[in-house]
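Asker: sequence and computational prediction follow.
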Amino acid sequence: MVAVSFDVWGTLLDVSEFFEMIATEIASSAKKEPSYIKEQVKAIYPKLRQLRIEGCISDDDVVEQCLSLLAEDLGVRKEIIRRAIARTLLYGDFKKLPIPKALDVVRTLSSMNVKLAVLGNVIYWPGAYNRLILERLGFSEYLYVQIYADEIKCSKPRKEAFLRVCEVLRIRPRDLIHVGDNLYEDFLGALHAGSRAVLIDSAQERSVSLRDVGYIVPSITYVPSIVQAILKSEGLNTGER
């Protein structure tokens, strides 16, 4: 059995689009300049990711700590941000969120002999919100399981996060192919756990294979062919059902 797990934001969905929507709601509630809020929300995001990687933000309370830091940076109450995210979730138009061809790729993989999963970190909102968004956009029906850092108290790149996916899917780590857009969290994290990894890097002009365990590709559309090649190498059925 071979399985594929996906990161969510930057891999299946465009986080910058969602940030735009949230920032608009924050600016409206806080009566602040929308362009300023949008710039700040986007700017602090990579900083919070780095703090989490460095262990400055605890896996036990990621969302609350990140909300506190964002609220302090924006000069607004945390409740305003919570409401902005909730309103975006309830009333937002999510048509622009999917990464081009991402849903097609998930459908294609679903038709092959693989189980599909999501393994996602969290920053400003809990994993449960991602579940709702993926449900609305049609991804969830193809996913065997979704696992989020706030639910298992463990963030990528820690190998325990990837091993949890393997445990739920009842597969060996080497039979998991993790797909993501972050070199450290997704790619190196999966390799450290003993799994295969696909890094999506739009700066790449072609697909690169690293000893048949790591792959760097320009877009998510390369993933089905990689999975098919792995299935063939393992002597598994590659026919679509």
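Answerer: All right, it came through fine. Residues are numbered from 1 along each chain as shown.

Asker: which residues are contacting stretch 50-62?
Answerer: The contact list for stretch 50-62 (CB atoms under 8 Å, 6 or more residues apart in numbering) reads 48, 65-66, 69, 121-123, 149-150, 153-155, 157-158, 184-185. To be clear about C-beta, it is placed using only N, CA and C from the backbone, and glycine gets the same treatment.

Asker: now with 10 Å?
Answerer: With contacts defined as CB atoms under 10 Å, 6 or more residues apart in numbering, stretch 50-62 is touched by 44, 48-49, 63-66, 68-69, 121-124, 126, 148-150, 152-158, 160-161, 182, 184-185, 189.

Asker: and it, which residues are buried?
Answerer: Within stretch 50-62, the residues that qualify as buried are 52, 53, 57, 59, 62, counting by 16 or more other CB atoms under 10 Å.

Asker: what do you get for stretch 162-175?
Answerer: By 16+ other CB under 10 Å, the buried positions in stretch 162-175 come out as 162, 163, 164, 165, 166, 168, 169, 171, 173, 175.

Asker: find the nearest non-adjacent residue to residue 140, please.
Answerer: Leaving aside its chain neighbours, residue 140 sits nearest to residue 134 (4.8 Å; criterion: CB to CB, 6 or more residues apart in numbering).

Asker: run the chain-centre distance for the helix or strand harbouring that neighbour.
Answerer: Using DSSP states H and E, residue 134 sits within helix 127-136. Helix 127-136 sits 12 Å away from the centroid of its parent chain (CA atoms, centre = their mean, to the nearest Å).

Asker: does anything pack onto it? Which helices or strands?
Answerer: helix 78-91, strand 114-120, strand 145-148, helix 149-152 (3 or more CB pairs under 10 Å, 6 or more residues apart in numbering; DSSP states H and E).

Asker: pick the most deeply packed of these.
Answerer: Most buried of the helices and strands packed on helix 127-136, by mean neighbour count (mean count of other CB atoms under 10 Å): strand 114-120, with a mean of 24.

Asker: hang on, the earlier thing: just give me the closest of the buried residues of stretch 50-62 to residue 83.
Answerer: Nearest to residue 83 among the buried residues of stretch 50-62 is residue 62, at 19.7 Å by CB to CB.

Asker: and the closest one, what helix or strand is that in?
Answerer: helix 62-74.

Asker: quick one: that helix to helix 78-91, angle?
Answerer: Put simply, helix 62-74 runs at 110 degrees to helix 78-91, going by axes from the mean of the first three to the mean of the last three CA atoms, to 10 degrees.

Asker: tell me the buried residues in helix 62-74?
Answerer: 62, 63, 65, 66, 67, 69, 70, 71, 74.

Asker: state the mean pLDDT of it.
Answerer: The average pLDDT for helix 62-74 rounds to 95.
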